[in-house]
Structure formats: structure tokens, C-alpha cells
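> Provided below are the primary sequence and the corresponding predicted coordinates.
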Amino acid sequence: MAAKAAGTPNHPQRLKPSAPTSTSSKGWRYWTKRCFLVIGIIGLLGVAMIVYANVAAVWASRGKVFSDVSKVPETRVGLVFGTTDRVGGRENLYFRYRIEAATRLWKAGKLKTLIVSGDNREMSYNEPEKMRQALVERGIPASRIVCDYAGLRTLDSVVRAKEIFGVDSVVFISQRFQNERAIYLAKAHGIEAWGYDARDVVSHGGLKTKLREVGARVKMWLDVNLLHTGPKHLGEKVALPN
């Protein structure tokens, strides 16, 4: 009997066939990875846009917002942004602080006319009239106060100041977060603007307002750069007091 060749196993092992890989399983994993990648990229772009829009308002208003009355340039027109005077039956501090800031500017001789711009969509809700009354109570002549009843948004108030009231330079009067956004909008519409900061509100409600402001600045950027949004209402021009 012939000898077996050296190194030849007595019982040669058979290779076990590998388990078949499902084509559908491979495809599912591939598209899952792709979906997560796309979602991640969209998320990063969203965060980048939020940061950019918020920084853009700060950058546009650098050197143009003041908390010291003496540093505010003398300007013919000041614009007070509207808000309700009461919230849930309690005094709205945003309202009070804006009225106080407008009064300080007036008494310092920085302004000749005040526009109070706010919402008056319903007969029972009239922000401009409430502001006008509060300012008159503090000694500002009613003849120097003009009501803008269609200031439904900051953008509406800013653009209407130019298109309806013929304003080409203005001091905005509100809390700093709104002044910064308003100056960005004013710059985009060819208005020279500054801001005088009313006292801020430090409370739980104030925190919610700050969080809403983050989204408002994204909308600001979209309105100016992509949507080209205008005021909801325009109308006939209104002459300011001489």
C-alpha cells in the first residue's frame, strides 16, 4: 500500500460555508447610516443658523445701543415698541420700564416727537393708546406723541416708521434684546437707528422672553435675507409734528 504523502491529513477538514448575508439587511444599514448623517448635517446647519442670526443682531447694533441717557444722540424721533400694560391681571414690567425710559429721554431733551407703535387689532386691545396715556401722565405733551396702530411686529414698526411716517433716523426705546433686533432691521431698510435700553425684567417671564428672542432673531434674518417680508399693513403717509 502506498504511503500517504507527508503532511496530508488523515481526515481532511471541509470549510464551513459562511452564512449568507441578506442584501436587504445591508441596504437597510446603509440607508440608516445615510439618514443619521443627513439628520446630523441638518442639525448642525440649524444650530449654525441660530447662532449666526443672533450674533448678526448684536454685530449690527454694536456702538448703537445705550443705557446712559447722556450718550444717546439728539434725534427728532423716538419710537417706543408696544406691549400690553398688564399680564394675567398684574402690571407688565416691560411696559412700565419702556415708558420710564421714553420719559427720561424726553426730559433730557433728546427727542422732539415720540411714536408709540403697537398692536390694535381688536377694539378691546390698544397698545399705542395705553402707551400714549402713560406718557401724557408723565408730563409729555400729547401733541408730540403719534400713535402707530399697526405695529404688529418689530419689523412692521420699523418699516412703517420709514414708509408711513417718513422717518430716516430714529432712537428705538425698548429692552436691549429688542433694540438690537430693531437696529438690524432698520439697517436693512436704510434707516439710521440707535437704541436706548429700558430696564430689563429679571424673572421667570423674562427668561421665557429671552428664549423666544432666539427664534425671533432667526425669523428676523429670514425676513430680511430670504423672505423679503414687509409690514402686514401700510396705508397713507402720516406727517409728524414739526
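Arrived safely, thanks for sending. Residues are numbered from 1 along each chain as shown.

> Break down this protein into its strands, ranges please.
All strands of the chain, identified by DSSP state E, fall at 65-66, 77-81, 86-87, 90-91, 113-117, 145-148, 169-174, 192-197.

> Pull the distance from the third one to the chain's centre.
Its chain's C-alpha centre and that of strand 86-87 lie 22 Å apart, by CA atoms, centre = their mean, to the nearest Å.

> mind listing what that strand pairs with, with the direction of each?
Neighbouring strands of strand 86-87 in its sheet, by DSSP bridges, are strand 90-91 (antiparallel).

> and Asn92, how many neighbours?
The number of residues packed near Asn92 is 17, by other CB atoms under 10 Å. No exception for glycine: its C-beta is placed from N, CA and C like everyone else's.

> Show the contacting residues for it.
83-86 (CB atoms under 8 Å, 6 or more residues apart in numbering).

> Now list the buried members of the residues you listed.
83, 85 (16 or more other CB atoms under 10 Å).

> Is it possible to get a markdown table of the contacts of Asn92 that adds distance to Ala193 and pLDDT?
Shown next, in a markdown table, are the contacts of Asn92 (distance: CB to CB, whole Å; pLDDT from 0 to 100):
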| residue | distance to Ala193 | pLDDT |
| --- | --- | --- |
| Thr83 | 19 | 94 |
| Thr84 | 24 | 92 |
| Asp85 | 25 | 93 |
| Arg86 | 29 | 90 |
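
> closest to Ala216 among the contacts of Asn92?
Lowest distance from Ala216 to the contacts of Asn92 (CB to CB) belongs to Thr83, with 13.7 Å.

> Just to check, that closest one is in contact with Lys130?
No - the pair Thr83 / Lys130 is not scored as a contact, 9.2 Å apart, by CB atoms under 8 Å.

> shared neighbours of the two, anything?
Overlap of the contact sets of Thr83 and Lys130 (by CB under 8 Å, 6+ apart) consists of Phe95.

> so who does the residue lying closest to Glu74 once chain neighbours are set aside touch?
In space, and not counting its chain neighbours, Glu74 is closest to Lys110: 5.3 Å by CB to CB, 6 or more residues apart in numbering. Contact analysis of Lys110 by CB under 8 Å, 6+ apart lists 69, 72-75, 78, 171.

> re earlier: considering the strands of the chain, which stretch scores lowest in mean pLDDT?
Note on the strands of the chain: lowest mean pLDDT is at strand 86-87, with a mean of 88.

> what is the rounded mean pLDDT of the helix ranked longest in the chain?
If you go by DSSP state H, the chain has its longest helix at helix 23-60. For helix 23-60, mean pLDDT rounds to 82.

> what's near enough to touch Trp106?
Listed by CB under 8 Å, 6+ apart, the contact set of Trp106 reads 78, 114, 135, 140.

> returning to what we had before: dump the contacts of Lys110 to CSV, plus neighbour count and distance to Gly195.
Converted to CSV, the contacts of Lys110 look like this (neighbours: other CB atoms under 10 Å; distance: CB to CB, whole Å):
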residue, neighbour count, distance to Gly195
Val69, 14, 13
Val72, 22, 9
Pro73, 11, 11
Glu74, 11, 15
Thr75, 20, 11
Gly78, 23, 10
Val171, 25, 7
